[in-house]
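[1] the following comprises the amino acid sequence and a computationally predicted model.
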Amino acid sequence: MEKWDVVVVGGGPGGSYAAKTAAEAGLKTVFFERGRKSGEKNSSGCGLGQRWWRDFPELMSELQELPSVRKIEMVVINLIDEHDRLRYRCGTTGSDLCANRWPHGMDGISIYRRDLDPFLAGKAVAAGAELRTSTLISDVLMEGGKVTGVKTEKGEPIGAEVVIAADGAMSTMARKAGMRNRWGGGCTLVPQLDFGCNEQKMDDIIGNAEWCWFGPLYGTYQVNFRDGFHIGAGQWLRDDWDEKPLDMMKKVVSIPGFQAMCRAIEAKPREYQAHLLPWLKKPPKTYMAGMMLAGDAAGFPCPLEAEGIWHAVVSGREAANTAAWAISRGDTSEKALAEYERRWRASNLGKEHEFGEEFVNLWNSSIFDPKLMARQIQLLLEFSMLHPFSIVFDWGDAHMDCFNQHLEHLMDLAPEFGEFGKTYIAPLGRGIWPKNVKRILATVKPRVPGLRRLSDENFFKVVARLSKGLAPFLDPAAKQDAPLPREAYGAGGR
Ligand SMILES: Cc1cc2nc3c(=O)[nH]c(=O)nc-3n(C[C@H](O)[C@H](O)[C@H](O)COP(=O)(O)OP(=O)(O)OC[C@H]3O[C@@H](n4cnc5c(N)ncnc54)[C@H](O)[C@@H]3O)c2cc1C
């Protein structure tokens with residue numbers, strides 16, 4: 001039986017980066033991809049956000065040259081009401097803070113997976129890993145509860161000191177090794193429609209932007225590539241799920257505003273796909289004796305907006321580094337590989353999941369619930385009318401009267417949405433940095449006559465008593481103002 005230091009299952013972003021890192025660490029590494037080449041079987045394309053510039057600047061520089069790339073300099077939000085009318089369109093390009101945070105500010109790129117995945121696989125091969133395509137891994141080899149290798153569909157056994165399973169949302173490896181059977185909720189099905197377009201017209205009309213369509217539609221995003229785009233919609237897979245994926249797409253493509261855009265850029269449907277995507281409150285256990293899970297196989301995609309490629313690459317890297325460390329100590333037991341979970345939890349990847357529960361609950365009760373969204377659009381539209389430019393162009397009455405009328409209407413809506421705010425928005429308050437909470441309170445204190453006489457220390461103690469939710473932030477023992485490690489947040493720090 002052939003024997004490798006590291007066997008990686010999956011030639012997607014997670015697998016390729018794991019293989020690259022393991023090979024660079026001097027480990028004898030092979031990675032297996034069931035497709036004829038990497039990217040062949042994966043979702044059509046993806047957006048890569050700003051943190052790619054922070055964490056993988058060399059890769060990002062090279063990726064700019066690939067044929068399908070369109071830059072992202074703006075995100076355009078379209079709000080649709082229950083009558084399919086486009087009611088609001090706005091764009092965000094970030095602020096000075098975003099522009100200065102990293103060398104490339106808010107910029108990201110959109111790229112087809114047919115370009116991205118082979119590029120990343122090529123990096124692993126260049127580092128010395130062996131890539132075997134058109135090879136389906138169908139089982140794990142186990143001895144005494146420890147994974148000792150994998151088995152190909154043809155029955156060929158391949159031995160390994162460590163297996164890294166980066167085989168996507170359906171992870172055969174996780175199931176065969178007994179780590180889990182189904183996700184048990186928290187996985188979404190994403191139907192997606194890809195369109196070819198006139199590149200020049202896309203430049204003129206879409207520009208360098210990602211688009212989203214929100215309304216009674218499920219969460220719908222539009223990723224724009226050089227000469228095409230794809231649109232996808234998400235929904236949890238749950239027992240009462242009765243929507244057919246294609247019907248979810250039909251709702252989106254029948255919006256008149258969407259059709260107008262398609263006409264303008266000469267969009268023609270090319271391909272329909274439906275993929276699973278783990279969208280979890282928190283990833284389940286990610287290691288066992290002899291094996292670690294990376295990327296979607298581990299359930300890593302961001303619980304807020306399901307970005308998953310950065311997560312796959314970062315977890316692949318951590319898994320390979322842990323493999324190198326464990327092999328060098330001659331110990332690949334479960335206890336040793338627990339180091340992987342400790343490492344990713346301590347990294348930016350772990351931070352990403354700290355608010356998983358709150359984010360997922362929020363989506364469940366908004367974007368992923370079209371009936372609720374039909375109503376919530378009213379609230380969002382009312383908020384949008386408090387925007388300075390909206391008030392300037394509300395010619396219904398004297399401008400200050402218009403402003404007051406909108407404010408009043410928003411307050412009228414408050415009781416209906418109060419419960420939503422209390423249940424889903426307020427819990428996010430624990431994420432506000434202590435120093436910001438203190439700054440807000442310090443601004444309030446001198447303005448309230450009765451509070452002026454209190455010392456700062458007593459004032460914060462009183463607030464902590466009154467507000468249980470703020471207590472952890474106000475605990476002086478928590479050393480909240482100690483500077484956070486620079487590497488935790490990139491060059492800009494916090
Ligand atoms: C529709 C959709 C849109 C998305 N958009 C974005 C986006 O814009 N930005 C973003 O960051 N993320 C996005 N994501 C999430 C992102 O695609 C995933 O998180 C990411 O691809 C995970 O990478 P991975 O390497 O873990 O898994 P995958 O990309 O799924 O790769 C797994 C690889 O393993 C191979 N494989 C599977 N089983 C076996 C086996 N048994 N033997 C051999 N090979 C096997 C597969 O063929 C595949 O190449 C999107 C996901 C979906 C579904």
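    Nice, thanks for sending it over. Please read these numbers as outputs of a predicted model, since none were measured by experiment.
[2] the most centrally placed residue in the chain and the ligand, how far apart?
    Taking Cα atoms, centre = their mean, the centroid of the chain lies closest to Glu307, which sits 2.4 Å from it. Using Cβ to the nearest ligand atom, to the nearest Å, we find Glu307 at a distance of 4 Å from the ligand. Heads up, the C-betas are built off the backbone N, CA and C, glycines and all.
[3] dihedrals phi and psi, that residue?
    phi -60, psi 140 (degrees, to the nearest 10).
[4] I'd assumed Pro301 was in contact with it.
    Yes. Here Glu307 reaches Pro301: they are 6.5 Å apart, a contact under Cβ atoms under 8 Å.
[5] residue of the stretch 301-450 of the chain nearest the ligand, please.
    Taking Cβ to the nearest ligand atom as the measure, the point where the stretch 301-450 of the chain comes nearest the ligand is Gly308, at 1.9 Å.
[6] against Arg263, how distant is the closest residue to that residue other than its chain neighbours?
    Residue nearest to Gly308 in three dimensions, not counting chain neighbours: Pro301, with 3.4 Å by Cβ to Cβ, 6 or more residues apart in numbering. In this view, Pro301 and Arg263 are 33 Å apart by Cβ to Cβ, to the nearest Å.
[7] those two: who's more crowded?
    Counted by other Cβ atoms under 10 Å, Pro301 and Arg263 do not tie: Pro301 has more neighbours, with 25 against 10.
[8] okay, that one and Asn348: tell me how far apart.
    Distance from Pro301 to Asn348, by Cβ to Cβ: 14 Å.
[9] so for the residue in the stretch 1-150 of the chain positioned nearest to the ligand, what's the pLDDT?
    Nearest to the ligand, among the residues of the stretch 1-150 of the chain, is Gly12, at 2.1 Å (Cβ to the nearest ligand atom). On pLDDT, Gly12 comes in at 97.
[10] number of nearby residues for it?
    32.
[11] list the contacts of it.
    33, 38-39, 42, 117, 166, 168, 295-296, 312 (Cβ atoms under 8 Å, 6 or more residues apart in numbering).
[12] equivalent analysis for Met179, please.
    284-285, 288, 291, 293.
[13] buried subset of those as a ChimeraX selection?
    Selection command for ChimeraX covering only the buried members of these, criterion 16 or more other Cβ atoms under 10 Å:
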select :288,291,293
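[14] quick check: Gln405 vs Asp397, distance?
    Distance from Gln405 to Asp397, by Cβ to Cβ: 7 Å.
[15] these two: which has the busier surroundings?
    Of the pair Gln405 and Asp397, Gln405 is the one with more neighbours under other Cβ under 10 Å, namely 14 against 11.
[16] what's the helix or strand for the more buried one?
    helix 399-420 (DSSP states H and E).
[17] helices or strands up against that helix?
    Counting contacts by 3 or more Cβ pairs under 8 Å, 6 or more residues apart in numbering; DSSP states H and E, helix 399-420 is packed against helix 370-384, helix 388-392.
[18] pick the most deeply packed of those.
    Mean neighbours per residue, mean count of other Cβ atoms under 10 Å, is largest over the helices and strands packed on helix 399-420 for helix 370-384, with a mean of 17.
[19] got the angle for it vs helix 399-420?
    Here helix 370-384 runs at an angle of 150 degrees relative to helix 399-420 (axes from the mean of the first three to the mean of the last three Cα atoms, to 10 degrees).
[20] got the CA positions of helix 370-384 in CSV?
    Below are the C-alpha coordinates for helix 370-384, written out as CSV (Å, rounded to 0.1, in the frame of the first residue of the first chain):
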residue,chain,number,x,y,z
PRO,A,370,-40.2,35.7,2.7
LYS,A,371,-43.5,36.3,4.5
LEU,A,372,-41.8,38.3,7.3
MET,A,373,-39.7,40.1,4.8
ALA,A,374,-42.7,41.4,3.0
ARG,A,375,-43.5,43.4,6.1
GLN,A,376,-40.0,44.2,7.1
ILE,A,377,-39.4,45.9,3.8
GLN,A,378,-41.8,48.6,5.1
LEU,A,379,-39.5,49.2,8.0
LEU,A,380,-36.4,49.3,5.9
LEU,A,381,-38.0,51.7,3.5
GLU,A,382,-39.0,54.0,6.4
PHE,A,383,-35.4,53.9,7.7
SER,A,384,-34.2,54.7,4.2
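[21] right, I'll call it a day here.
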